[in-house]
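**Q** let's see this in three dimensions:
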Amino acid sequence: MAIRLEIDKLENALKRDPFEDYKEYEKRILNIKSMPIGKGSLSESDFDSETGFCYIKIQWYGVNYIEKISSKYFFCVLSKENLNGYIDFSSKYDVYASFTAVGDKVYINEDNVMISINGYDYKVYCMNLVKSLFEDEEQFGQRIRNMGEIPIGKIRINKYKYDIKSKSIILEVMWNIIDEVIVPAVYGIFAVIDSSEIKKLYENNMEYTLYGKLMSLNKKIKIDMGSMNIKVDNSEIRIYAITINKNDFYDENNFRENLLKLNCTSAGRAKLNPASYDYENSMLSFGVTWKKWTTNFVSNLCSFFIKISRDEVKKLFMGGNEYDIYINFKIEESSITIGKIIMINFYKDIEVKFRIKDEEVSMQEMIEAAISDEKCEKLNLMRYINEKGKYGYMDSTERKVIIEPKFDYIGIFTDEVARVNINNAWGFIDKSGKVIIEPKFQHVRDFHEGFAAFMVKRFGVKKWGYINREGKVTVKPIYDEAGDFRSGIANVRLKKPFGESKELIIDCNGKIVSING
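**A** Reported below is the predicted structural model:
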């Protein structure tokens, strides 16, 4: 009954008198003090006790003359001091607002919506994520940005993912974002923080609310990866994204800072093999298993090695045979390149030397190169490079040359053959070193189940197909990506217009078996 009286009172106040002109009506509506317009309930699951952030579900009174707020989400920031540690999530609280008028219509003033909790009034923020017919893209994007920070998920601290060498920690993230917002396709998030601080965070609470801002790009609302943080003891700790996509950042300076912080994140793993140590030149060569986010930077790198003394390399092997590799990026005005590659270990940082190849190298090649020594040992072969930078194979036991080092690159043996590169053209050899498929392709991958992917480039566009052991094309080069054959099928990707893509599964004749996108 009391609510009905409140509604009647509000309707009478908002109704325009027929003798009242529009300017008088607008002025009168603006002068009406805040009045109850509904009841708000707080969500305990969305309440962040550290910052007081809490989403609100509002049940509006059915008041005539008031246009509904188009916002779907509402939140407030509660004061821990005013609440005295107590809040009743089962109660409903009065929501007040003032009004504006345009012509005969009355609108809620979204900048002056309040909720009364325990005798204190808190501002209610209206999150309208729908573009108005009267907004252009720039205005809509700026309005989304001006909404400020909101919770975008939770992060958990796993102390076993902390790297004390580079003071970085990969964080477990549980995204908890509203339906209209897209989470960018990043490879993970991390923080760079001193060991004493992360230890304190871990001991106080293993889980924290992750905050961030939103941005609008290409008519889609996304999380701004340059705005992420957690709030601890009235201070912010910056959270970074493992990504090299500039479009995931609203501010280019934040993108550059994030990229520099990637210097502290492992870019791959080096697997060391004692048999690869060159005593004469004090050089240890190895393969690197690169992480996926590094693809754009490492695809043309090969022949990784470090200059190291016999005593130092012995110390390395005593401490383990695998070490993290880190990229130090060099940021220039118009480009981002690799400045240095560093192997950080338990006693000192060592710069990794490498060669730059003219030909394309796929991520698959990088991964397989990293495990090539292990596979070749099983074949009693060891890949090696002579003083002129040419590749060949020797017997890993007797140190006898099996395949002369005359190739610009040589891969591992799969299906009894290996890829080779001569003068930027790719072909295949058998275990005797005989060329069985002439180097004529722009790029190839290893044979699996009698088929190998090959690449052609037309007008700057790369397309992939498949050949058999005789070098005959069995699947035409029409795909943007091509995987290896396993159990008679292979995964391929075909790009659609506007950057989207379709994942397919094909058989060895190119017939589509399944469509995944």
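**Q** residue ranges for the strands of the stretch 401-517 of the chain, please.
**A** Along the stretch 401-517 of the chain, counting by DSSP state E, counting those that start in this stretch, strands occupy 401-407, 409-414, 417-422, 425-430, 435-441, 443-444, 451-458, 461-468, 473-479, 481-482, 489-495, 501-507, 512-515.
**Q** now swap in the stretch 1-150 of the chain and tell me
**A** So, for the stretch 1-150 of the chain - with DSSP E, counting those that start in this stretch - the strands run 35-42, 53-60, 66-67, 73-77, 93-102, 105-117, 120-123, 125-127, 150-156.
**Q** same check, this time on the stretch 151-300 of the chain
**A** 162-163, 168-175, 181-182, 189-192, 207-212, 214-217, 220-223, 229-232, 235-238, 240-241, 268-271, 277-278, 283-290.
**Q** what are the buried residues along the last one?
**A** Read that as strand 283-290. 283, 284, 285, 286, 287, 288, 289, 290 (16 or more other C-beta atoms under 10 Å). C-betas here are computed from N, CA, C, even on glycine.
**Q** give me the angle between it and strand 409-414.
**A** 60 degrees (axes from the mean of the first three to the mean of the last three C-alpha atoms, to 10 degrees).
**Q** on the pLDDT front, check residue 86 for me.
**A** Note on residue 86: pLDDT of 68.
**Q** then residue 450?
**A** pLDDT at residue 450 comes out at 92.
**Q** need the strands of the stretch 401-517 of the chain in a markdown table with distance to residue 308 and mean neighbour count, can you?
**A** Formatted as a markdown table, these follow (distance: least, C-beta to C-beta, whole Å; neighbours: other C-beta atoms under 10 Å):
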| stretch | distance to residue 308 | mean neighbour count |
| --- | --- | --- |
| strand 401-407 | 23 | 17 |
| strand 409-414 | 24 | 22 |
| strand 417-422 | 28 | 22 |
| strand 425-430 | 32 | 20 |
| strand 435-441 | 34 | 17 |
| strand 443-444 | 32 | 24 |
| strand 451-458 | 36 | 19 |
| strand 461-468 | 37 | 18 |
| strand 473-479 | 42 | 17 |
| strand 481-482 | 37 | 21 |
| strand 489-495 | 40 | 18 |
| strand 501-507 | 43 | 15 |
| strand 512-515 | 49 | 10 |
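**Q** measure residue 298 to residue 310 for me?
**A** Noted for residue 298: a distance of 29 Å to residue 310, by C-beta to C-beta, to the nearest Å.
**Q** of those two, who's got more company?
**A** Using other C-beta atoms under 10 Å, the more surrounded residue of residue 298 and residue 310 is residue 298, with 22 against 10.
**Q** and the more buried one, what is it in contact with?
**A** 267, 268, 288, 290, 327, 338, 366 (C-beta atoms under 8 Å, 6 or more residues apart in numbering).
**Q** what's the answer for residue 30, then?
**A** Going by C-beta under 8 Å, 6+ apart, the list of residues near residue 30 reads 98, 99, 100, 101.
**Q** mind checking which of the strands of the stretch 401-517 of the chain is nearest residue 32?
**A** Of all the strands of the stretch 401-517 of the chain, strand 501-507 sits nearest to residue 32, with 55.0 Å by C-beta to C-beta.
**Q** rewinding a little: want to try TSV for the buried residues of strand 283-290, with pLDDT as columns?
**A** Listed next are the buried residues of strand 283-290 as TSV, based on pLDDT from 0 to 100:
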residue	pLDDT
283	87
284	90
285	88
286	88
287	87
288	90
289	90
290	90
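**Q** just give me the neighbour total for the closest residue to residue 20 other than its chain neighbours.
**A** Leaving aside its chain neighbours, residue 20 sits nearest to residue 28 (7.4 Å; criterion: C-beta to C-beta, 6 or more residues apart in numbering). The number of residues packed near residue 28 is 16, by other C-beta under 10 Å.
**Q** hmm, back to that, please, a PyMOL command that selects the buried ones among the contacts of residue 30?
**A** Buried residues among those (16+ other C-beta under 10 Å), as a PyMOL selection:
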select buried, resi 98+99+101
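**Q** any idea which of the contacts of residue 30 is closest to residue 355?
**A** residue 100 (67.9 Å).
**Q** quick check, that closest one in contact with residue 109.
**A** Yes: here residue 100 reaches residue 109: they are 5.5 Å apart, a contact under C-beta atoms under 8 Å.
**Q** returning to what we had before: so which of the strands of the stretch 401-517 of the chain gets nearest residue 18?
**A** strand 501-507 (61.9 Å).
**Q** what helices or strands is the closest one leaning on?
**A** Packing partners of strand 501-507 (3 or more C-beta pairs under 8 Å, 6 or more residues apart in numbering; DSSP states H and E): strand 489-495, strand 512-515.
**Q** now those in a markdown table, with mean pLDDT?
**A** Shown next, in a markdown table, are the helices and strands packed on strand 501-507 (pLDDT from 0 to 100):
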| stretch | mean pLDDT |
| --- | --- |
| strand 489-495 | 87 |
| strand 512-515 | 81 |
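**Q** quick one: which of these is nearest residue 258?
**A** Minimum separation from residue 258 across the helices and strands packed on strand 501-507 (C-beta to C-beta) falls at strand 489-495, 26.7 Å.
**Q** if we can go back for a sec, next, format the strands of the stretch 1-150 of the chain as CSV and append mean pLDDT.
**A** Rendered in CSV, the data for the strands of the stretch 1-150 of the chain read as follows (pLDDT from 0 to 100):
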stretch, mean pLDDT
strand 35-42, 90
strand 53-60, 90
strand 66-67, 86
strand 73-77, 89
strand 93-102, 92
strand 105-117, 91
strand 120-123, 91
strand 125-127, 88
strand 150-156, 91
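**Q** which residues of the stretch 351-500 of the chain score low on pLDDT?
**A** 357-381, 387, 396-399, 497-499 (pLDDT under 70).
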